[in-house]
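1. build me a model:
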Amino acid sequence: MKDPTLAVLPFANMSADASYEYFSDGVTEEIINALAGINGLKVVSRTSSFHFRLQDTPLPEIARQLKVGTILQGSVRVVGKRVRITAQLIRAYDDTHYWSERWDRSLEDIFAVQDEISLLIADKLREQLGHFEIGEHLVRPATLNLDAYAYALKAKFHFNKWNPEDVRQAIGYYEAALQLDPNHAPSYIGLADAYGFMATTTFMPMEEAWQKAAECTHKALVLAPDDPGVHYQLANLAFFTACDFEKAAHHNLRAIELKPSYPEAQQYMAFLYLLKGQQTEARQHLALALDIDPFNQETLFYKGYFLYRTGKHEEALAQMSTLLAHNPKNIPALTVKAYLLLKMGNFSSVREMMGKLPGAIIIPDEVLGIRALSYLMEDNSTAGEWLPRLQKAAQPPHAFQAHTYLFLAYAQLGQHDKAFDWLENALSYRSSILLLSFSDPLASPLFHHPKYAIFHKRLYPPIQKAEAISNGHQPLMTEQEASNAQARLLALMKEEAPYLNPGLTLRDLAAQSGLHPNQLSWLINQALGKNFSAFINDYRVAQFKMLAKDPDNSHISILGLAYESGFNSKTVFNTYFKKTVGITPGAYLKQLH
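-> Numbers count the residues shown, from 1 in each chain. Now for the predicted structure:
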């Protein structure tokens, strides 16, 4: 049975104050995270769901692009210390609303209402679409301080804009949250993410930024050792500050084990496998990331990077160009586009591109290295000019970009022994950028050198795969227990006719049958081969047919008979009747008479 699929669109901010958008976004993200933690339910990530915020795209088209069967929409309205939240589930293929609810609560109850909403949505999806197990709670607040929570939401709102000005604001808000609650692990994780962003984009001195990221990550580790975000940050630190590929892979796999629907961790795993040269495994993790988060610019970058690493240069160039059309300051896309042009022999285009960079967005050593390669690869007689410049730039121990380009320059000039000697030297500095460039296609002249395999094994140790994640469809009862439970259930349906209650839920029927809701869901779906909605509606259709055949009911309308049978919606009745019987209710009555 195919796993149910859901996209949660950003809840509309209906508050009088437009600045409360951070709050409605936060509510949306909490619900996404809560539902994404359910094994057997595929939930599209925040980035891709929010992609449609300012677009007037019909819901069926959104569902088609996100490859989901159900859409969740909602709104949030804050008035004083009260909050009103509405939510509705929409069947994507026909734009049919099949469930809606409204909550009016005190803001102090925001954590409880988010849990209640998530549980209700999960219940309705399971009733309609198929079995998956649901815990007693889906939202576990990391703080009970509402002001700290609000600051953390504001921080995430700004961080998600991915530019240095907003990330600096995010840092300020996270620090404000920690002033109010020093044990708020998500704020430490958010700070680590923010400082990691500032380090990799060099908007802060790298050493200082990574040091702050490490401090925040280790504080979060003490508070929340099983948070997948903590292990993702530990993976980043291992790679970028310790040049430790093995530890980076270990922590990233742990993040995936804790949260398989973590798109950033899936992307990162694809990246690590690509560096190691295991393209099959890289493709698998990339496919998972694209499935969860198809419109995330970072995911799309890794798609282009995979194409570059696997020699599909034209496709990769088109992908990078598309990313840069969306964001001309996308530093990774700019860099890989330059590498592609170098591999394709378009040296003058590379130099032209470096001369037209929008502002000082790439550090000078990167620009120097790319320009140097464009001249050296075109004409190695220019080595006398460019090698000394690269050698001088590479002297400082933390000049990681210059280390990389000097290594690649030696490789391209055929000075292989110097390349490996320099590699040994740079590794003593823990030059993490060399983990990226050692197996890069620009280093291909070295790939058949006897020393290459030795260094490859040293740089990229075997990745120890985590245990396979359960798909959520494991038996919840023994064969004998299931047989006994099925007999009790069918007897209950016959003798007490609970299906005549139009508001009957799976949890209601579970209580009546003496089963846990997860057990009843498993029994109906796996043993009887139906979802809960179909199981109940089959009884209602049979009841309708019985009532329709009774001459004493000839004065009752079709809709009246449907309501007497337990249906509470004309649309649901007509649709389900025709689907299962093959003709409309009206045509069925004509056949009877």
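2. any idea how far P461 lies from L253?
-> As defined by C-beta to C-beta, to the nearest Å, P461 lies at a distance of 13 Å from L253. All C-beta atoms are positioned from the backbone trio N, CA, C, and that covers glycine.
3. between the two, who's got more neighbours?
-> When neighbours are counted by other C-beta atoms under 10 Å, P461 and L253 differ, and L253 comes out ahead with 21 against 14.
4. in which helix or strand would I find the more buried one?
-> Under the criterion DSSP states H and E, the helix or strand holding L253 is helix 245-258.
5. counting by contacts, list what the top helix by length along the chain packs against.
-> Using DSSP state H to assign secondary structure, the helix with the most residues in the chain is helix 110-129. Helix 110-129 is packed against helix 21-36, strand 70-79, strand 82-91, strand 96-106, helix 146-159, helix 506-513, helix 532-549, with contacts defined by 3 or more C-beta pairs under 8 Å, 6 or more residues apart in numbering; DSSP states H and E.
6. can I get that helix in PDB? Just the C-alpha atoms.
-> These are the backbone C-alpha positions of helix 110-129, laid out as PDB (Å, rounded to 0.1, in the frame of the first residue of the first chain):
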ATOM      1  CA  ILE A 110      -0.700  27.200  21.900                       C
ATOM      2  CA  PHE A 111       1.400  24.100  22.400                       C
ATOM      3  CA  ALA A 112      -1.600  22.000  23.400                       C
ATOM      4  CA  VAL A 113      -3.700  23.200  20.500                       C
ATOM      5  CA  GLN A 114      -0.900  22.500  18.000                       C
ATOM      6  CA  ASP A 115      -0.700  18.900  19.400                       C
ATOM      7  CA  GLU A 116      -4.500  18.600  19.200                       C
ATOM      8  CA  ILE A 117      -4.600  19.900  15.600                       C
ATOM      9  CA  SER A 118      -1.800  17.500  14.500                       C
ATOM     10  CA  LEU A 119      -3.400  14.500  16.100                       C
ATOM     11  CA  LEU A 120      -6.800  15.300  14.600                       C
ATOM     12  CA  ILE A 121      -5.300  15.800  11.100                       C
ATOM     13  CA  ALA A 122      -3.300  12.500  11.500                       C
ATOM     14  CA  ASP A 123      -6.500  10.700  12.600                       C
ATOM     15  CA  LYS A 124      -8.500  12.000   9.600                       C
ATOM     16  CA  LEU A 125      -5.800  11.200   7.100                       C
ATOM     17  CA  ARG A 126      -5.500   7.600   8.500                       C
ATOM     18  CA  GLU A 127      -9.300   7.200   8.300                       C
ATOM     19  CA  GLN A 128      -9.400   8.200   4.700                       C
ATOM     20  CA  LEU A 129      -6.100   7.000   3.300                       C
END
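7. buried ones in that helix?
-> Residues of helix 110-129 classed as buried by neighbour count (16 or more other C-beta atoms under 10 Å): 110-111, 113-129.
8. the protein: strands as residue ranges?
-> 5-8, 12-13, 42-43, 70-79, 82-91, 96-106 (DSSP state E).
9. remind me which residues of the stretch 351-500 of the chain are low pLDDT?
-> When the per-residue scores of the stretch 351-500 of the chain are filtered using pLDDT under 70, the ranges that remain are 358-360, 466-474.
10. burial check on L427, number of neighbours?
-> Here the number of neighbours of L427 (other C-beta under 10 Å) works out to 18.
11. for it, what are its contacts?
-> L427 sits next to 243, 434 when contact means C-beta atoms under 8 Å, 6 or more residues apart in numbering.
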